[in-house]
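> quick one, structure for this:
(one chain, ligands or ions: 1)
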Amino acid sequence: MCRLCDSTQPDLPCPTRRDILTTTAAGGAALLANVLLTGGAAAQQTALSTLPEGVGAPGRRTLIKGGIVLSVDDAVGNFPVGDVLIENGRILEVAASIDAPDAAVIDATGKIVMPGFIDTHHHQFETALRSQLAHGILINDGRAVNATNYYDTVLQKFSMVYRPRDVYINELFGGIAQLDAGVTTVMDVSQIHHSPEHSDAAIEGLRDAGRRGVFGYFEGWGEGARYPDDARRIREQYFASDDQLTTMVMGGEIYLPGYEKAWEIGRELGLPIALHVVGTFGM
Ligand SMILES: [Zn+2]
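Numbers count the residues shown, from 1 in each chain. Now for the predicted structure:
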């Protein structure tokens, strides 16, 4: 459930999908009453009603039973018919048959059970612009036919009028849409940091989708931009632990003047550094 579902209080922090699932399983009606009575309530309720009984309940193990298990792990192997036992969000056992009478059961008969896909490069803040520039090339190469191009149109025109709220919507929708397609992990190359508020919105949207994500802190433009220095605040405020569902990467584009500072800050904060290597830019 995202914070935008309550039109009367659009900027309230809202519980994540995980919070809702946990609360539901525990029978906590109070939170549900607060968050489900508006906008997306019906859809959320429908989604919850499809969960097998007991799945997500605190302390309760989950058994994914009878699926075609493709582990993508040589040490584990594959099973034409197999079970997967999960405890506290972690896989405990994968085998042809697992005896776990206490577990909540998901019947996977006839379905493929496998790890989620990983998207290693996504600009999630552009989700709403999807297909907007299907014929555009990357940058203006001087030819009239390419006067409308990605760099000028998407980055320098559309993205410049994004409000933090727009960033949040794009991040959240991008994350949920990908989850729906089986992509459970993303490296989000985030280039929308026109102010610290834009950064906060990007991180919160990524997090609220409830999947595993790497937040790539790249540049922004305009007077309010605080890249790369704001990385210190972001690291401390949102990514104090490296053992959490969303983690941080420092963006360090070598085509930007002063990129050395971004690299220094990334190293100071113990972050991996990511960048584009673009032939069009002569790299
Ligand atoms: Zn890119």
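> and the gap between A209 and Q178?
8 Å (Cβ to Cβ, to the nearest Å). (C-beta placed from N, C-alpha, C; glycine too.)
> I should have written I139 there, sorry.
Counting by Cβ to Cβ, the gap from I139 to Q178 is 27 Å.
> who has more neighbours, the two?
Taking neighbours as other Cβ atoms under 10 Å, I139 and Q178 compare with Q178 leading, 22 against 15.
> which residue ranges of this protein form helices?
For the chain, the helices defined by DSSP state H occupy 17-26, 29-35, 41-49, 150, 164-180, 196-208, 231-238, 259-268.
> counting contacts, what elements does the last one pack onto?
Translated: helix 259-268. Applying 3 or more Cβ pairs under 8 Å, 6 or more residues apart in numbering; DSSP states H and E, we find helix 259-268 packed against helix 231-238, strand 246-251, strand 273-274.
> can you show me the CA trace of the longest one as PDB?
Output of helix 231-238 as PDB, limited to C-alpha atoms (Å, rounded to 0.1, in the frame of the first residue of the first chain):
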ATOM      1  CA  ALA A 231      25.200  10.900  -0.300                       C
ATOM      2  CA  ARG A 232      26.500  11.100   3.300                       C
ATOM      3  CA  ARG A 233      23.100  12.000   4.700                       C
ATOM      4  CA  ILE A 234      21.400   9.400   2.500                       C
ATOM      5  CA  ARG A 235      23.800   6.700   3.600                       C
ATOM      6  CA  GLU A 236      23.200   7.500   7.200                       C
ATOM      7  CA  GLN A 237      19.500   8.000   7.100                       C
ATOM      8  CA  TYR A 238      18.400   5.100   4.800                       C
END
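> ok and it relative to helix 196-208, angle-wise?
40 degrees (axes from the mean of the first three to the mean of the last three Cα atoms, to 10 degrees).
> now helix 231-238 against helix 259-268, angle please.
30 degrees.
> got it, and the second one?
Following the same axes, to 10 degrees, one obtains 150 degrees for the angle between strand 246-251 and helix 259-268.
> so what strands line up beside strand 246-251?
Applying DSSP bridges, strand 246-251 is found paired with strand 212-217 (parallel), strand 273-274 (parallel).
> out of the helices and strands packed on helix 259-268, nearest to F158?
F158 lies closest to strand 246-251 among the helices and strands packed on helix 259-268, at 19.4 Å (Cβ to Cβ).
> for the helices of the chain, give me JSON lines that also has mean pLDDT and distance to L85.
Converted to JSON lines, the helices of the chain look like this (pLDDT from 0 to 100; distance: least, Cβ to Cβ, whole Å):
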{"stretch": "helix 17-26", "mean pLDDT": "46", "distance to L85": "18"}
{"stretch": "helix 29-35", "mean pLDDT": "37", "distance to L85": "28"}
{"stretch": "helix 41-49", "mean pLDDT": "71", "distance to L85": "23"}
{"stretch": "helix 150", "mean pLDDT": "92", "distance to L85": "46"}
{"stretch": "helix 164-180", "mean pLDDT": "96", "distance to L85": "22"}
{"stretch": "helix 196-208", "mean pLDDT": "97", "distance to L85": "27"}
{"stretch": "helix 231-238", "mean pLDDT": "98", "distance to L85": "32"}
{"stretch": "helix 259-268", "mean pLDDT": "98", "distance to L85": "39"}
